[in-house]
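Engineer: With the input below, show me the fold.
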Amino acid sequence: MFLGTHSPRLDDKGRLFLPAKFRDELAEGLVITKGQERCLFVFPMTEFTRLAEQLRGAPVTHKAARAYSRVFFASASDEVPDKQGRITIPPHLREYAGLSKDCVVIGASTRVEIWDQAAWETYLAESEDAFADIEEEVLPGVF
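Structural biologist: Numbering: from 1, shown residues only. This next block holds a predicted model:
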């Protein structure tokens, strides 16, 4: 499970140091793809494979499923971290997420998300007020 918030910097070659606590789970390979709200999703290969199987099970006659699959797979890039724990983020994904030097990497349970620092701060500021309100809809009876 991926947890926490980290602030690595993107170097001039588009490489990013993965947080040390995430490296073991991602060492064998990972997939980076477009996420919602203009962030990037990073999945361990096993989790990406599980999601791919679920998407393959969606009917091709369902327009939204086709559209989601196209974007999800067409933008995906498989990577293996180097010995220093860096991954290279392809230019098209850096552009999509608006990544600059300062990034935020968050643990989001079964995936990691990469955000531009300014975009993350804006998202967090806009979302924090609604956080308490949505608990009843997302996790009824849990809290």
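Engineer: Next up, identify which helix or strand the closest residue to residue 68 other than its chain neighbours is on.
Structural biologist: Leaving aside its chain neighbours, residue 68 sits nearest to residue 55 (7.4 Å; criterion: Cβ to Cβ, 6 or more residues apart in numbering). Any C-beta I mention is one placed from the backbone N, CA and C, and that applies to glycine too. Taking DSSP states H and E as the criterion, residue 55 maps to helix 45-56.
Engineer: Kindly report the same for residue 66.
Structural biologist: helix 63-74.
Engineer: Name the residues of that helix that are buried.
Structural biologist: 69, 72 (16 or more other Cβ atoms under 10 Å).
Engineer: elements contacting it?
Structural biologist: With contacts defined as 3 or more Cβ pairs under 8 Å, 6 or more residues apart in numbering; DSSP states H and E, helix 63-74 has these neighbours: strand 30-34, helix 45-56.
Engineer: now the angle between strand 30-34 and it, please.
Structural biologist: 130 degrees (axes from the mean of the first three to the mean of the last three Cα atoms, to 10 degrees).
Engineer: what mean pLDDT does helix 63-74 have?
Structural biologist: On average, the pLDDT along helix 63-74 is 94.
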